[in-house]
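Participant: pasted the sequence and its predicted model underneath.
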Amino acid sequence: MKSADFVVARDDLQRCKTIETQLPDPAALPEEALLVKVTRFAFTANNVTYAVLGDTLKYWTLFPAPDGFGNVPVWGFGEVIASKHPGIAMGETLFGYFPMATHLVIEAADISKRGLRDGAAHRQGVSPVYNSYARVTSNPEFQGRAGDYRALLQPLFMLSFMVDDYLAENEMFGAKSVLLSSASSKTAFGLAHLLHARGNVKVIGLTSASNVAFVQSLGCYDEVVTYDKVASLPANVPVAYVDMAGNSALRETLHRHFGEQMKYSGRVGLTHHTAAVNEPELPGAKPSWFFAPDHIRKRAKEWGPGGVDQRFGAAWSGFSPRLGTWLKVTEGRGPDAVKKVYLDTLNGHVPPDGGQILSLWE
């Protein structure tokens, strides 16, 4: 039996293909290993970020691919179809980080009632969050459309949640307004929802003209401004900028407009994958990367066992009921459907209210 993988050229993300490899013999699996059928996964602009930063943040090491190619990590679900671990039964459903593939072998470790970790040596150079799998077989919050929302938005909303917490911990860096670029993106409107609920800062969404109506309809932005009108914002108000797009020209425009009133400039996403690498010195706060796993580790120590999950769960319960009106989930099956959604997302052709759930299985 064959296994299929969707891979992309690491030096040219436009080049992609589906390859077949020999499926491991279940009887020959290493001790405590699992053979998992990848049943469905979400694909969003955040996965493009994983590809763009594949070498920098070691995402390409997670799921090996032929030389020159990479397998873009995705969040989704898998069914255990063979198990060499006495604590994991065939038929279990796992939620976590998967390759764009039909199968994955997991070297199960740190088994608990709630989850497990892939202990494969090649996966240990990244944040532990990427190697953890939740056991969700009988959990209604991970079934049906609720499960699709989890795959599409839980990882992104965790990022939103951590950025919101970081800004709040630092008292918004003294800003009176928070600017979010790519305001229509899922990470951005998750963050906008949280900031809006706090009520102590003005939340301003920056977006393209074509997405204004959608961003306004979300109801979590106090003001929506198109990219060509950002210089019309009052320059004497202290602001924090959360950059979801990685657009260096926009970042420079904002820094030069606000000058020393730019109190924080955080880079969270990189969907503008052709953005310049070398950038000039800018007035105001120095742009810096926000890496959520580092903040998660910090809060896990401070909040104690279960503290992050408890607080995140409360935030998710206030966010998820809105998703039925904010998102239109579509499903695609087979290599051709996966390729189309990948290229459409890479090239910015997916509408902001779109949610793509995919499977390489026909």
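Facilitator: Yep, it's here. Because the structure is a prediction, the values reported are computed rather than measured.

Participant: is G318 in a helix, a strand, or coil?
Facilitator: helix (DSSP: H, G, I helix; E, B strand; the rest coil).

Participant: and it, how far is that from C220?
Facilitator: Distance of G318 to C220, computed by Cβ to Cβ, to the nearest Å: 11 Å. From N, CA and C alone the C-beta is placed, and that goes for glycine too.

Participant: who has more neighbours out of those two?
Facilitator: Using other Cβ atoms under 10 Å, the more surrounded residue of G318 and C220 is C220, with 22 against 11.

Participant: I'd say the more buried one and H196 touch.
Facilitator: Yes: C220 sits in contact with H196 when judged by Cβ atoms under 8 Å, with a separation of 4.4 Å.

Participant: shared neighbours, those two?
Facilitator: Common contacts of C220 and H196, defined by Cβ atoms under 8 Å, 6 or more residues apart in numbering, comprise V203.

Participant: picking that back up, got any residues that touch both of G318 and C220?
Facilitator: Common neighbours of G318 and C220, counting by Cβ under 8 Å, 6+ apart, are H193.

Participant: just the C-alpha atoms of stretch 168-178, please, in CSV.
Facilitator: Output of stretch 168-178 as CSV, limited to C-alpha atoms (Å, rounded to 0.1, in the frame of the first residue of the first chain):
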residue,chain,number,x,y,z
ALA,A,168,-1.9,43.4,28.4
GLU,A,169,1.1,42.2,30.5
ASN,A,170,3.0,45.2,29.2
GLU,A,171,0.1,47.6,29.6
MET,A,172,-0.2,48.0,25.9
PHE,A,173,3.3,49.6,26.0
GLY,A,174,1.5,52.8,26.8
ALA,A,175,-0.5,52.8,23.5
LYS,A,176,-4.0,54.2,23.3
SER,A,177,-4.7,52.4,20.0
VAL,A,178,-3.6,49.0,18.6
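
Participant: please identify the buried residues of that stretch?
Facilitator: M172, F173, A175, S177, V178 (16 or more other Cβ atoms under 10 Å).

Participant: chain center to stretch 37-51: distance?
Facilitator: Counting by Cα atoms, centre = their mean, to the nearest Å, stretch 37-51 is centred 8 Å from the centre of its parent chain.

Participant: cool, stretch 283-295 as well?
Facilitator: The answer for stretch 283-295 is 17 Å, by Cα atoms, centre = their mean.

Participant: list the buried residues in that stretch.
Facilitator: Applying 16+ other Cβ under 10 Å to stretch 283-295 flags G284, A285, P287, F290, A292, P293, H295 as buried.

Participant: okay, now the unreliable bits of the stretch 151-300 of the chain?
Facilitator: 269-278 (pLDDT under 70).

Participant: need the three-state assignment for the closest residue in space to N170 that isn't next to it in sequence.
Facilitator: Sequence neighbours aside, Y264 is the residue nearest to N170 in space, at 7.5 Å (criterion: Cβ to Cβ, 6 or more residues apart in numbering). Three-state call for Y264 (three-state DSSP): strand.

Participant: beta partners for the residue lying closest to D353 once chain neighbours are set aside?
Facilitator: Sequence neighbours aside, K328 is the residue nearest to D353 in space, at 5.3 Å (criterion: Cβ to Cβ, 6+ apart). Beta-bridge pairing for K328 (DSSP bridges): G354.

Participant: just to check, K328 is in contact with G355?
Facilitator: Yes: here K328 reaches G355: they are 6.6 Å apart, a contact under Cβ under 8 Å.

Participant: that older thread, so which of the buried residues of stretch 168-178 comes closest to S184?
Facilitator: V178 (16.1 Å; Cβ to Cβ).

Participant: which SSE is the closest one in?
Facilitator: strand 177-180 (DSSP states H and E).

Participant: against which helices or strands is that strand packed?
Facilitator: The contact analysis (3 or more Cβ pairs under 8 Å, 6 or more residues apart in numbering; DSSP states H and E) places strand 177-180 against helix 186-198, strand 202-207, strand 239-243.
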